[in-house]
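Undergrad: Give me a 3D structure for the following:
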Amino acid sequence: MGACVLRASVCMCAARESRSEYSSCRILRRFARMIAFGIVLLVFSKLERAYVSLFVEVPVLREVSSFALVMGAWVVVACSSGNQSLSEGSGSSANGATGSAASGGGINFGTGGRSSGNAGQNGAAGFDPGTACVGTSVEGERVPVDLYFMVDTTGSMNCPVPDSATKPCTVDPGPPYSSTTRWVVESAALKSFMNAPANAGVGVGIAFFPAPSNACDAATYTKPSVEIAALPGGVSKLDAAIDAKKPAGNTPTLASLTGAVQHATDYAKAHVGHRVAVVYSTDGYPVGCASDNTIANAANVAKAAYAANPSVPTYVLGVGNNLSSLNQIAQAGGTDQAYLIDTTGDAAAQLSAALDSIRGRALVGCTYQIPPAPAGSTLDYGKVNVRVTSGSGQVTNVARDPSASACTQGWQYSADMSQINLCGDTCAQVKADPNMKLEVLFGCNTVVILK
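TA: Numbers count the residues shown, from 1 in each chain. Presented below is the predicted three-dimensional model:
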């Protein structure tokens with residue numbers, strides 16, 4: 001029995017030492033040897049003659065032996081203390097809610113209960129401290145992203161760039177037009193975006209408003225000029241569609257946005273697993289159509305699309321002056337605020353930066369496909385963990401929220417168990433870092449948040 005205790009204490013310290021989390025075990029292991037020394041003395045105490053001849057006084061030896069056993073027990077406690085994780089199926093309790101990472105530690109997303117976790121060294125494996133489990137990590141697969149552009153080609157897109165700061169252009173100025181109109185600058189930015197190698201793999205489709213005869217019915221705007229397809233496929237059709245447009249007409253904001261989100265939603269439903277967003281570009285406020293053609297009504301359309309399942313966010317590009325009311329649509333559509341392009345300045349650079357930002361925000365989403373389990377293993381949904389690494393290299397373990405309700409931190413499985421959805425604050429932190437990498441760890445009991 002004593003030998004078993006000795007072996008357990010030494011092994012526990014060795015395990016701690018191998019993970020470099022408790023360097024004191026290197027010293028404490030020496031005290032563990034005192035257990036063995038005490039056991040040997042107890043055995044020899046039965047051999048009184050030899051005992052007396054070697055050490056003279058048995059009681060003293062017994063006191064030393066007892067002291068050694070006490071110290072050994074203290075080592076066992078010391079090596080066994082510290083924070084532990086609560087893993088699904090482990091039945092263990094935990095102290096605290098702070099996770100640690102092999103790279104030097106990180107903040108644990110999901111601090112709503114005892115839910116700490118540990119990651120393996122060098123990003124190669126994950127360690128579940130509740131079960132002394134070493135698992136295999138696989139980089140999470142981002143859900144495919146599709147951007148559906150609804151682009152303004154109304155008459156005011158003929159306004160010059162740069163525009164006058166004192167008397168900005170708000171309507172079609174009539175010919176002769178400037179060689180650098182809003183449409184010239186924006187169309188060039190759109191084509192540059194769609195032809196950029198960095199955007200390969202992003203799905204892009206496009207439609208324009210107003211439709212012929214300034215149509216005001218939403219159904220007219222559900223039909224794309226070029227259907228969504230992953231770049232660079234379809235780029236020649238996109239370029240041709242852009243080149244063919246000549247700005248003219250009014251601004252059916254409500255109808256065009258309604259048609260755009262409807263098409264995006266239909267596309268998302270037909271392409272399960274894709275994340276689809278609308279990019280709504282306009283240079284002015286609603287003009288023409290019925291009295292319901294307002295920013296407030298357009299914002300309600302964006303809000304409903306964002307709240308629906310599948311969720312379709314709306315990014316807004318405002319190309320012109322004094323377009324701050326467009327923020328209502330962006331906020332309702334889940335993208336915080338519109339990208340407002342000041343056409344009295346370098347509009348081309350602003351447009352390029354805005355499109356790159358939209359791409360980055362859309363790509364760094366909060367939904368990831370669960371990658372296949374490593375070769376030779378079977379996917380066990382109770383043994384999946386999530387780890388994220390920031391662009392600066394900080395490693396953080398993310399605990400799972402096992403509840404059926406919407407979560408505000410950590411992660412949850414999608415309804416069909418095919419995806420990992422980051423929640424609330426966790427999602428916001430990941431979105432804020434375009435270089436964030438997510439890994440899925442297989443083989444160790446899932447670390448969960450206790451509520």
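Undergrad: and the residue nearest to Asn195 when sequence neighbours are not counted, how many neighbours?
TA: Setting aside the residues directly before and after it, Asn195 is nearest to Val235 in space (Cβ to Cβ, 6 or more residues apart in numbering), at 5.9 Å. C-beta here means a position set from N, CA and C on the backbone, and glycine is covered the same way. Neighbourhood size, Val235 [other Cβ atoms under 10 Å]: 18.
Undergrad: my guess is Val235 contacts Met194, does it?
TA: Yes. Assessed by Cβ atoms under 8 Å, Val235 is found in contact with Met194 at 5.4 Å.
Undergrad: Could you tell me the end-to-end distance of stretch 158-168?
TA: In stretch 158-168, first residue to last residue: 12 Å (Cα to Cα, to the nearest Å).
Undergrad: Give me the residues contacting that stretch.
TA: Contact with stretch 158-168 is made by 169-170, 172-174, 177-178, 180-185, 247, 283, 320-322, 343-348, as judged by Cβ atoms under 8 Å, 6 or more residues apart in numbering.
Undergrad: that older thread, ok, now how distant is the residue nearest to Asn195 from Lys223?
TA: Distance, Val235 to Lys223, using Cβ to Cβ, to the nearest Å: 20 Å.
Undergrad: What of Gly333?
TA: With Cβ to Cβ as the criterion, Gly333 and Lys223 are 21 Å apart.
Undergrad: Looking at those two, which one has more neighbours?
TA: Between Gly333 and Lys223, counted using other Cβ under 10 Å, the more crowded position is Gly333 (29 against 11).
Undergrad: how many neighbours does the nearest residue to that one once chain neighbours are set aside have?
TA: Excluding the flanking residues, the one nearest Gly333 by Cβ to Cβ, 6+ apart is Thr314, at 2.9 Å. By the criterion of other Cβ under 10 Å, Thr314 has 29 neighbours.
Undergrad: The one 4 residues further on too?
TA: For Gly318, the tally of surrounding residues (other Cβ under 10 Å) stands at 28.
Undergrad: quick one: the strands in the stretch 201-350 of the chain?
TA: Counting by DSSP state E, counting those that start in this stretch, one finds strands in the stretch 201-350 of the chain at the ranges 203-209, 226-230, 275-282, 314-319, 339-341.
Undergrad: of all the ones you listed, which lies closest to Ser137?
TA: Closest to Ser137 of those, according to Cβ to Cβ: strand 275-282, at 23.4 Å.
Undergrad: buried sites along the closest one?
TA: 275-282 (16 or more other Cβ atoms under 10 Å).
Undergrad: Over to stretch 163-173?
TA: Burial within stretch 163-173, assessed by neighbour count using 16+ other Cβ under 10 Å, is assigned to 163, 169-170, 172.
Undergrad: can you give me the mean pLDDT across that stretch?
TA: The average pLDDT within stretch 163-173 is 93.
Undergrad: rewinding a little: pull out the buried members of the contacts of stretch 158-168.
TA: 169-170, 172, 178, 181-185, 247, 283, 320-321, 343, 347-348.
Undergrad: Closest one of these to Asp416?
TA: Nearest to Asp416 among the buried ones among the contacts of stretch 158-168, with distances taken as Cβ to Cβ, is Asp283, at 41.4 Å.
Undergrad: The closest one against Val185, yeah?
TA: No. Using Cβ under 8 Å, Asp283 is not in contact with Val185, being 10.8 Å away.
Undergrad: what pairs with Val276 across the strands?
TA: Under DSSP bridges, the beta-bridge partners of Val276 are Asp146.
Undergrad: Count the residues that sit near Lys437.
TA: 16.
Undergrad: what do you get for Ala349?
TA: 12.
Undergrad: just the one 3 residues further on next, same as before
TA: The tally of other residues near Ser352 (other Cβ under 10 Å) stands at 16.
Undergrad: Settle this for me: it is touching Leu190, isn't it.
TA: No. Using Cβ under 8 Å as the test, Ser352 is too far from Leu190 to be in contact (10.0 Å).
Undergrad: still on that earlier bit, next, find the distance separating the residue nearest to Asn195 from Ser256.
TA: 23 Å.
Undergrad: could you give the mean pLDDT of stretch 366-377?
TA: If you average the pLDDT over stretch 366-377, you get 81.
Undergrad: Could you export that stretch as CSV, keeping only the C-alpha atoms?
TA: In CSV, the C-alpha atoms belonging to stretch 366-377 read as follows (Å, rounded to 0.1, in the frame of the first residue of the first chain):
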residue,chain,number,x,y,z
CYS,A,366,-18.3,32.9,-35.2
THR,A,367,-19.4,29.7,-36.9
TYR,A,368,-16.9,26.9,-37.8
GLN,A,369,-17.4,23.5,-39.4
ILE,A,370,-16.4,20.7,-37.2
PRO,A,371,-13.4,19.1,-39.0
PRO,A,372,-13.3,15.3,-39.5
ALA,A,373,-11.9,13.4,-36.5
PRO,A,374,-8.2,12.4,-36.9
ALA,A,375,-7.5,9.2,-38.9
GLY,A,376,-8.2,6.1,-36.9
SER,A,377,-10.6,7.7,-34.5
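Undergrad: Please identify the buried residues of that stretch?
TA: Those buried within stretch 366-377 under the rule 16+ other Cβ under 10 Å are 366-371, 373.
Undergrad: Which helix or strand in this structure has the lowest average pLDDT?
TA: Every helix and strand of the chain was ranked by mean pLDDT, DSSP states H and E. The lowest is strand 118-119, at a mean of 36.
Undergrad: do you know how far Thr222 is from Ala302?
TA: Distance, Thr222 to Ala302, by Cβ to Cβ: 16 Å.
Undergrad: Mind checking which of the two has more residues around it?
TA: Taking neighbours as other Cβ under 10 Å, Thr222 and Ala302 compare with Ala302 leading, 28 against 17.
Undergrad: Now the more buried one: closest residue in space, sequence neighbours ignored.
TA: Ala302 sits nearest to Gly333 (Cβ to Cβ, 6+ apart), 3.4 Å away.
Undergrad: List the contacts of the one you found.
TA: Going by Cβ under 8 Å, 6+ apart, Gly333 touches 278, 299, 302-303, 305-306, 313-316.
Undergrad: Now flag whichever of those residues is closest to Thr378.
TA: For the contacts of Gly333, the nearest to Thr378 is Pro313 (35.5 Å; Cβ to Cβ).
Undergrad: circling back: which among the contacts of Gly333 end up buried?
TA: Neighbour-count burial (16+ other Cβ under 10 Å) is assigned, among the contacts of Gly333, to 278, 299, 302-303, 305-306, 313-316.
Undergrad: ok, back up a step: with respect to Pro402, which of the strands of the stretch 201-350 of the chain lies nearest?
TA: Closest to Pro402 of the strands of the stretch 201-350 of the chain is strand 275-282 (Cβ to Cβ; 23.9 Å).
Undergrad: what's the closest one packed up against?
TA: On a contact count with 3 or more Cβ pairs under 8 Å, 6 or more residues apart in numbering; DSSP states H and E, strand 275-282 meets strand 145-152, helix 253-270, strand 314-319, helix 347-363.
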